[in-house]
Structure formats: structure tokens, C-alpha cells
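> Sequence plus the predicted model coming up.
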Amino acid sequence: MSTSQALHAELHALAPEQWPEFLTARSGLPGPRANLTLVDAVARIADRSAIDALLRDGGEYPMMCAAAAIARQATTPTSAAQARTLATDERWRVREGVVIGLQLLGDESPDVLIGIVHAWADDPDLYVQRVAAAAICEPRLLRSGTAAGSAIDVCRRTTRHLIALPRERRAEPAARNLRQALGYCWSIAVAADPERGLAAFRELSTDDPDVAWIVKENLRKKRLSSII
């Protein structure tokens, strides 16, 4: 039995109200790295009663797991809206749970993921924009021309939103979070479709200091430097 299968079996044996304590004990927190294998397991099998129990608990790791499960199931406007709300959470692990769940959704329903990230790329909340970019800029999801083009477009649009901010707002946590993501997302998007991606990447104006940083960080990535 694989680790994932064992976790699925353990979770299925628990009542929903037992999930928060079980997950917290297995979270790996406090520590440098949360248990992402367990987040993945929860995202794949949690039903509504388990998700609700995690949301009621409200702890960072249970919420991360709930966010992943909700985002993986974001095939309806209601569930997508709930995932979008969690993407604005001040706790970065909760936001990362949304990214993980959306990527799992993309494995099964790529068109649904593309629709979500296109909508979120223009969201007024920069945390939501960052989740959109991080979710679609995953190499395993960019094997089709449509998906790769979507990743390039999301990077382009979120970069434009970032540089449209007044300079004083760019020091805010959400803006820094988006900038950090764009510091690697561009290279993933470009590598998936070099012809279209390089054309978009070369349009970035390094006269802006934040764009200059984004360009510099991406050029340090081997996946991009090897094709330029």
C-alpha cells in the first residue's frame, strides 16, 4: 500500500469531527515545511462534512487542507467563489492550499482551471491574482498550447496590474507576494511555449524596477536561460 493509499484509508476511518485533530498532529508544523502529501490526500477525498469540520476548526493547517479540497472541487460558481475567498486569506499556507487544489482540478478539468485563472488574473485582490499565476504555472498542466497560452496571458496581465500600482502600494504584502510569484512563473510559462512566451517576455519594460527584478529572477532559471 502506498503512502497516499494509507492516508486515504486512515482518513476514511475517521468521523468528520476527528479530521482537524488528526491533520494537525500529522501536519509537520511547527516546522519549516508542512506535510503536503497529507494536503493532497485531503484534497482528493474530503467530502462536504469533512471540509466543514476543517473550516469550523479554523487552524492554519486544517484550513490549508480545506482550501485545497474546496479548490479541487471548484467546478461550480459557488465552490469557485468559496475558493476565491480562501485565496485572500492572510495566512500564506491557506492561500497555497488553494493553489494545490486548483492544480489538482487542472489535472482533471483543465478547461475549468483555465476559466478560473483567467477570471482571477483581473481580480482586484492581488493575493487572488498571485494564486491564479501560481496555479496555472505548473509544468505538468502546460502540455497543451491552450494551457501554455493561458499561463503566458495570466503572467502578462498580472504583471500589468502590478506595475499599475502606485509605488507606495507596491511595498504592501500582497504586492510583494505577487511580485515574488512572477519572479518564477514567467519562466515556466515561457518554457511551455517558447515562441509565444519569449515574445511576451521580451515586451516587459525593465525601466520599471519591479519588472526589472522579475526579468532578472526569471533569467536565473535554467528552464528559461537555456532557450534564450
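Good, I have the coordinates. Numbers count the residues shown, from 1 in each chain.

> CA atoms for contacts and neighbours, from now on please.
OK.

> which stretches of this protein form helices?
Per DSSP state H, the chain carries helices over the ranges 3-12, 19-25, 36-45, 48-57, 60-72, 77-86, 92-108, 110-120, 126-136, 145-163, 173-192, 194-202, 209-219, 222-225.

> Out of the ones you listed, which gets the lowest mean score?
Here the lowest mean pLDDT among these goes to helix 3-12, at a mean of 93.

> helices or strands next to that helix in the packing?
helix 36-45 (3 or more CA pairs under 8 Å, 6 or more residues apart in numbering; DSSP states H and E).

> Could you list the alpha-carbon positions for the helix it packs on in CSV?
Output in CSV follows, covering the C-alpha atoms of helix 36-45 (Å, rounded to 0.1, in the frame of the first residue of the first chain):
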residue,chain,number,x,y,z
LEU,A,36,2.0,18.4,1.6
THR,A,37,1.3,14.7,1.0
LEU,A,38,-1.4,14.9,3.5
VAL,A,39,-2.8,18.1,2.0
ASP,A,40,-3.0,16.2,-1.3
ALA,A,41,-4.8,13.3,0.2
VAL,A,42,-7.4,15.5,1.9
ALA,A,43,-7.9,17.5,-1.3
ARG,A,44,-8.7,14.2,-3.2
ILE,A,45,-11.1,12.6,-0.8
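
> Spit out the contact partners of the most centrally placed residue in the chain.
Taking CA atoms, centre = their mean, the centroid of the chain lies closest to Val99, which sits 2.4 Å from it. Going by CA atoms under 8 Å, 6 or more residues apart in numbering, Val99 touches 68, 71, 131-132, 134-135.

> likewise Ala151?
Per CA under 8 Å, 6+ apart, neighbours of Ala151: 133, 136-137, 142, 189.

> Relative to Pro16, which of these is nearest.
Ile136 (30.8 Å; CA to CA).

> count of neighbours near the closest one?
By the criterion of other CA atoms under 10 Å, Ile136 has 31 neighbours.

> same thing with the one 10 residues further on?
When counting by other CA under 10 Å, one arrives at 13 neighbours for Thr146.

> Save the contacts of Ala151 as CSV, and put in distance to Ala212 too.
Listed next are the contacts of Ala151 as CSV, based on distance: CA to CA, whole Å:
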residue, distance to Ala212
Ala133, 18
Ile136, 23
Cys137, 20
Leu142, 25
Ala189, 18
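
> residue contacts, Ile227?
Taking CA under 8 Å, 6+ apart, one finds 191, 194 in contact with Ile227.

> distance of the nearest residue to Thr88 once chain neighbours are set aside from Glu172?
Nearest non-adjacent residue to Thr88, counting by CA to CA, 6 or more residues apart in numbering: Tyr127, 5.6 Å away. From Tyr127 across to Glu172, the span is 11 Å (CA to CA, to the nearest Å).

> Comparing those two, which residue is more hemmed in?
Tyr127 (24 against 11).

> Please tell me how far the more buried one sits from Leu86.
From Tyr127 to Leu86 the distance is 10 Å (CA to CA).
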